[in-house]
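Chemist: for reference, the sequence and a predicted model appear below.
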Amino acid sequence: MEAESGPVSVPSRGRQSFRLNSTMDSVGEVEAAADQLATEAGLDEDQRFHVAMAVREAAVNAILHGNEYDPARKIHVSLENTGKDLVFTIADEGRGFDPEKLPDPLAEENLLRGTGRGIFLIRSLMDEVHFRHLNPGTELTLVKHLPPVPQKYLGS
């Protein structure tokens with residue numbers, strides 16, 4: 001991804017796509033790439049943490065639940081700065097799932113259960129979350145809206 005010259009508040013645009021093995025090392029790679037993109041976009045420390053945490057959780061879900069640590073399966077990752085949004089797409093090659101059927105982690109009967117918390121966390125940290133069923137697999141798209149760039153940097 002090539003950065004345009006300008007102040008930190010003017011985000012560089014670009015897209016990266018890659019395929020990774022279903023390992024926890026891959027989770028770290030995806031998280032680091034997401035943090036770098038968020039940093040280049042000028043997000044503050046809290047926003048960068050939110051982005052990195054949500055993307056990490058999505059990668060863990062893809063590897064653990066989607067691909068079931070199957071070394072024959074890969075995760076497909078795309079990271080993009082559109083200038084208005086940071087868009088992170090993570091897809092697995094698993095059986096897929098229906099996110100609407102996940103138990104509510106805040107319901108009293110589920111407070112001590114570990115299931116459903118990752119998706120809840122992702123939804124609470126990102127501005128938009130979209131699911132798409134693939135054949136095979138599930139694709140999760142996470143969107144973080146960028147703050148508007150001051151007009152003085154846009155050449156107006």
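Modeler: Perfect, I can see it now.

Chemist: so which bits of stretch 129-136 are buried?
Modeler: Val129 (16 or more other C-beta atoms under 10 Å). In this view, the C-beta of every residue, glycine as well, is placed from N, C-alpha and C.

Chemist: do the same with stretch 74-84
Modeler: The neighbour-count check on stretch 74-84 (16+ other C-beta under 10 Å) flags 74-77, 79-81 as buried.

Chemist: secondary structure element for Gln36?
Modeler: helix 24-40 (DSSP states H and E).

Chemist: scratch that, Ile119
Modeler: Per DSSP H and E: helix 117-125 holds Ile119.

Chemist: what sits up against whatever helix or strand comes next after that helix?
Modeler: Reading on from helix 117-125 to the C-terminus, the next helix or strand found by DSSP H and E is strand 128-133. Contact with strand 128-133 is made by 96, 99, 119, 122-123, 138-143, 145, as judged by C-beta atoms under 8 Å, 6 or more residues apart in numbering.

Chemist: can you report how many residues lie near Gly28?
Modeler: Residues lying near Gly28 (other C-beta atoms under 10 Å) number 12.

Chemist: got the CA positions of stretch 52-60 in CSV?
Modeler: C-alpha atoms of stretch 52-60 as CSV (Å, rounded to 0.1, in the frame of the first residue of the first chain):
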residue,chain,number,x,y,z
ALA,A,52,-7.3,-4.1,16.1
MET,A,53,-9.4,-5.9,18.7
ALA,A,54,-12.4,-6.3,16.4
VAL,A,55,-10.2,-7.5,13.5
ARG,A,56,-8.3,-9.9,15.8
GLU,A,57,-11.6,-11.4,17.0
ALA,A,58,-12.9,-11.8,13.5
ALA,A,59,-9.7,-13.6,12.5
VAL,A,60,-9.8,-15.8,15.5
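
Chemist: look up how far Ala33 lies from Ser26.
Modeler: When distance is defined by C-beta to C-beta, to the nearest Å, Ser26 is 11 Å away from Ala33.

Chemist: oh, I was asking about Asp85
Modeler: With the distance defined as C-beta to C-beta, Asp85 ends up 16 Å from Ala33.
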